[in-house]
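Q: Below are the sequence and a predicted model; questions follow.
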Amino acid sequence: MNRDWFNVTDEEIERVKSYIIDTTKGYYYNDFNKCDGSYMLEDWDVLYKIEKLIQKEYQWVDWNTYVEQRCVILNNYFENKYPLDRIKKNLNILTGYLRSYQPKIGVYCGSFNPFHIGHLDVLKQAENVFDKVIIARGVNDNKNNISFDSYEYFPKSLQYHQIENYAGLLSEYLKNFKYPVTLIRGLRNGHDLLDETNLRTWLNLDNVVYFVCDKKYEHVSSSSIRSLRDKYPTLVREYIVK
């Protein structure tokens with residue numbers, strides 16, 4: 001990119017560089033960050049809305065890790081940097097909220113091989129209900145799973161979600177979370193509901209929420225896509241999430 005397009009001086013460029021370098025070293029007190037931190041002077045309702053947006057932006061991070069690191073950043077950013085009583089008060093309120101708040105977290109489990117538009121429809125519905133949805137890909141020997149050692153085969157559009165892989169019983173996997181979670185399952189029709197009812201009974205699953213996909217997607221399944229995509233790739237392309 002041509003720097004002349006922006007009509008900036010060498011001194012201004014070096015100042016921006018120094019601001020960026022400061023953030024990597026934990027130094028936060030400069031002109032740029034003073035402006036960025038002005039929202040801490042707002043009333044609680046504004047702070048709350050901003051914090052919810054930040055949580056969405058970092059939903060790929062585990063909740064406990066997010067709370068811990070977010071509080072560290074807030075304290076490093078504002079504590080002893082902005083001596084205003086109003087900011088200190090809001091800082092205490094915000095960090096207290098983060099440490100005490102229990103978000104509604106759903107875990108959307110499936111083989112997702114591949115992740116198709118029916119899955120996406122269920123995910124979008126769930127995100128309107130939950131604060132955060134974790135996508136968990138399970139190894140299912142009956143569905144010819146690929147290796148899940150990397151995210152190579154998962155849609156890039158979902159890269160900012162928390163994505164986990166698991167093997168074994170779903171009920172055992174859910175016990176690994178250190179905070180309350182709700183299992184999310186998608187349904188296409190009555191047959192799926194019967195299967196899910198049996199699964200819930202076998203695994204003794206208590207906290208489950210079902211979302212019915214849009215009727216226009218009820219014919220879409222991962223197994224159908226896999227059986228058709230080698231010979232008829234153009235036919236199934238529109239159903240696979242990129």
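A: Yep, that arrived.
Q: which element follows the strand or helix carrying Leu194 toward the C-terminus?
A: Assigned by DSSP states H and E, Leu194 belongs to helix 190-203. For helix 190-203, the following helix or strand on the C-terminal side (DSSP H and E) is strand 208-212.
Q: The helix holding Leu194 packs against which elements?
A: With contacts defined as 3 or more CB pairs under 8 Å, 6 or more residues apart in numbering; DSSP states H and E, helix 190-203 has these neighbours: helix 170-174, strand 182-187, strand 208-212. C-betas here are computed from N, CA, C, even on glycine.
Q: With mean neighbour count added, can I get these in a markdown table?
A: Formatted as a markdown table, the helices and strands packed on helix 190-203 follow (neighbours: other CB atoms under 10 Å):
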| stretch | mean neighbour count |
| --- | --- |
| helix 170-174 | 16 |
| strand 182-187 | 21 |
| strand 208-212 | 16 |
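Q: out of those, which comes closest to Val129?
A: strand 208-212 (7.4 Å; CB to CB).
Q: which residues touch the closest one?
A: Strand 208-212 has contacts (CB atoms under 8 Å, 6 or more residues apart in numbering) with 106, 122, 125-126, 129, 182-188, 193, 196, 200.
Q: sorry, back to before: mind putting the helices and strands packed on helix 190-203 into TSV with distance to Phe78?
A: Converted to TSV, the helices and strands packed on helix 190-203 look like this (distance: least, CB to CB, whole Å):
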stretch	distance to Phe78
helix 170-174	37
strand 182-187	34
strand 208-212	38
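Q: do you know which of these lies nearest Tyr39?
A: Between the helices and strands packed on helix 190-203, strand 182-187 lies closest to Tyr39; by CB to CB that is 31.5 Å.
Q: Tell me where the chain has helices.
A: Along the chain, counting by DSSP state H, helices occupy 10-25, 31-36, 44-57, 63-78, 85-100, 117-127, 170-174, 190-203, 222-229, 233-236.
Q: what about the helices and strands packed on helix 190-203, which gets the closest to Tyr232?
A: strand 182-187 (24.4 Å).
Q: Adjacent strands (with direction) for that closest one?
A: strand 105-110 (parallel), strand 208-212 (parallel) (DSSP bridges).
Q: Against Leu194, how distant is the residue nearest to Gly186 when sequence neighbours are not counted?
A: Of all residues not flanking Gly186 in the chain, Val122 sits nearest, at 3.6 Å (CB to CB, 6 or more residues apart in numbering). Distance of Val122 to Leu194, given as CB to CB, to the nearest Å: 18 Å.
Q: okay, these two: which has more neighbours?
A: A count of neighbours by other CB atoms under 10 Å puts Val122 above the other of Val122 and Leu194, at 24 against 10.
Q: check contacts around that one.
A: Counted by CB under 8 Å, 6+ apart, Val122 has contacts Tyr108, Ile184, Gly186, Phe211, Cys213.
Q: in the sheet, who's paired with the fourth one?
A: Beta-bridge partners for Phe211, by DSSP bridges, are Gly186.
Q: can you tell me how far it sits from Val67?
A: Phe211 is 27 Å from Val67, by CB to CB.
Q: same question, the second one
A: When CB to CB is the yardstick, Ile184 and Val67 sit 22 Å from each other.
Q: do the third one as well
A: Spatial separation of Gly186 from Val67 under the definition CB to CB is 29 Å.
Q: Any stretches of this structure with poor pLDDT?
A: 1-8, 19, 22-37, 79-83, 140-153 (pLDDT under 70).
Q: could you redo the last one with a cut-off of 80?
A: Along the chain, the model assigns pLDDT under 80 to residues 1-8, 12-13, 15-40, 76-86, 139-154.
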